[in-house]
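Peer 1: here is the input, now give the coordinates:
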Amino acid sequence: LYYSVKGSTNNRVIRMRDENGRGVEPTLVLEIEDFVRATNHNGGNINFGPDGMLYITVGDGGGRPGRSQDDTNLLGKILRVDVRGKLPVRYTTPSEIFYAKGLRNSFDMAWNPANNTLYATENGPVGHDEINMIVEGGNYGWPVEVGYSPKHRYINPLWDSGKRAIAPTGIVFYPEWGNFPPEYRHNMFVVDYNYGRVYRIRLSGRRLDRIEHFEVWMPAGFANTTFADITVGPDGALYLAGFSKIVKIEYRPARR
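Peer 2: Have a look, this model is predicted:
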């Protein structure tokens, strides 16, 4: 679990065990201190990678974006920690648990089963929202560069929204075993905070580092809510976490 601590600007990752539908034995994994005392850009999401490690997105703290390039704190980073050993996670310097840095406000990330690579959404300041292909040790440029830059001093995004802000949040890849038609396998689905849309994206290239197809798959306001997250359920349906409801999108073949 990843949550904001009441009465504090810190965020905390804990481990709990499920016992008859109740979380028991909470154990601290990692305390993420927000030294700038910001009330925004200080959270994110968690996701296990194919290596069994836990990955954590952390915003830049809002007030001082330079923290994203600062190796002395955890803000504006994607972290990687091992939760299989002694907890809480211990480190001598914050950079020991960095997976990537130079991020502003990544709501979510997802592993692509086609290449075992991490991809993440990113919110720009005013427009220039991004979808990034995350590589270990990568620097994504915030706040020095915003969106795509021809200077190539940092890693450019796969996709840049331009001047329009959509605030992309949840991201997931559709699996091979799902019951959607075959053309949906390994497609990326992204939801947004501003409009309540669902985007369907297909990647191409040897490294799957180019966008071949990008479409608004579900239009703005189709569910009368906006979204924070998206995942695939064990039934193959897409589940979207809205701010007023949870939405299920399932595939039903047309009857003949």
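Peer 1: show me what counts as buried in stretch 141-156.
Peer 2: Within stretch 141-156, the residues that count as buried by 16 or more other CB atoms under 10 Å are 141-147, 154-156. From N, CA and C alone the C-beta is placed, and that goes for glycine too.
Peer 1: how about stretch 196-215?
Peer 2: 196-203, 208.
Peer 1: same check on stretch 33-47?
Peer 2: Within stretch 33-47, judged by 16+ other CB under 10 Å, the buried ones are 33-34, 36, 38, 41-47.
Peer 1: of those residues, closest to Asp82?
Peer 2: Using CB to CB, Ile46 is the member of the buried residues of stretch 33-47 that lies nearest Asp82, at 13.5 Å.
Peer 1: for Gly170, see how far away that closest one is.
Peer 2: Distance of Ile46 to Gly170, given as CB to CB, to the nearest Å: 13 Å.
Peer 1: for Val216, give its distance to Ile230.
Peer 2: For Val216 relative to Ile230 (CB to CB), the value is 14 Å.
Peer 1: quick one: the helices in the stretch 151-256 of the chain?
Peer 2: Along the stretch 151-256 of the chain, no segments are classed as helices by DSSP state H, counting those that start in this stretch.
Peer 1: show me where it has its strands.
Peer 2: In the stretch 151-256 of the chain, the strands defined using DSSP state E, counting those that start in this stretch lie at 159-160, 168-173, 188-192, 198-204, 210-218, 227-232, 238-242, 246-249.
Peer 1: by contact count, what packs against the second one?
Peer 2: In terms of contacts (3 or more CB pairs under 8 Å, 6 or more residues apart in numbering; DSSP states H and E), strand 168-173 is packed against strand 109-112, strand 117-122, strand 130-134, strand 188-192, strand 227-232, strand 238-242.
Peer 1: partners of the third one, with directions?
Peer 2: Strand partners for strand 130-134, identified by DSSP bridges, are recorded as strand 117-122 (antiparallel), strand 159-160 (antiparallel).
Peer 1: what's that strand in contact with?
Peer 2: For strand 130-134, the external contacting residues (CB atoms under 8 Å, 6 or more residues apart in numbering) are 78, 99-100, 103, 106, 109, 117-122, 124, 140, 147, 155, 157-161, 168, 171, 188, 190, 201, 207-209, 211.
Peer 1: re the thing from before, and the buried residues of stretch 33-47, which two are the farthest apart?
Peer 2: Every pair of the buried residues of stretch 33-47 checked by CB to CB; the farthest is Val36 and Asn47, at 25.0 Å.
Peer 1: which pLDDT value does the model give Trp111?
Peer 2: As predicted, Trp111 sits at a pLDDT of 97.
Peer 1: typo on my end, it should be Asn40
Peer 2: Reported pLDDT for Asn40: 82.
Peer 1: nearest residue to it other than its sequence neighbours?
Peer 2: Gly62 (4.4 Å; CB to CB, 6 or more residues apart in numbering).
Peer 1: tell me the spacing between the one you found and Asn139.
Peer 2: 20 Å.
Peer 1: pull the longest strand from the chain.
Peer 2: strand 22-32 (DSSP state E).
Peer 1: that one pairs with which strands?
Peer 2: Sheet partners by DSSP bridges: for strand 22-32, these are strand 11-19 (antiparallel).
Peer 1: give me the buried positions along the partner strand.
Peer 2: Quick answer for strand 11-19 (16+ other CB under 10 Å): 11-14.
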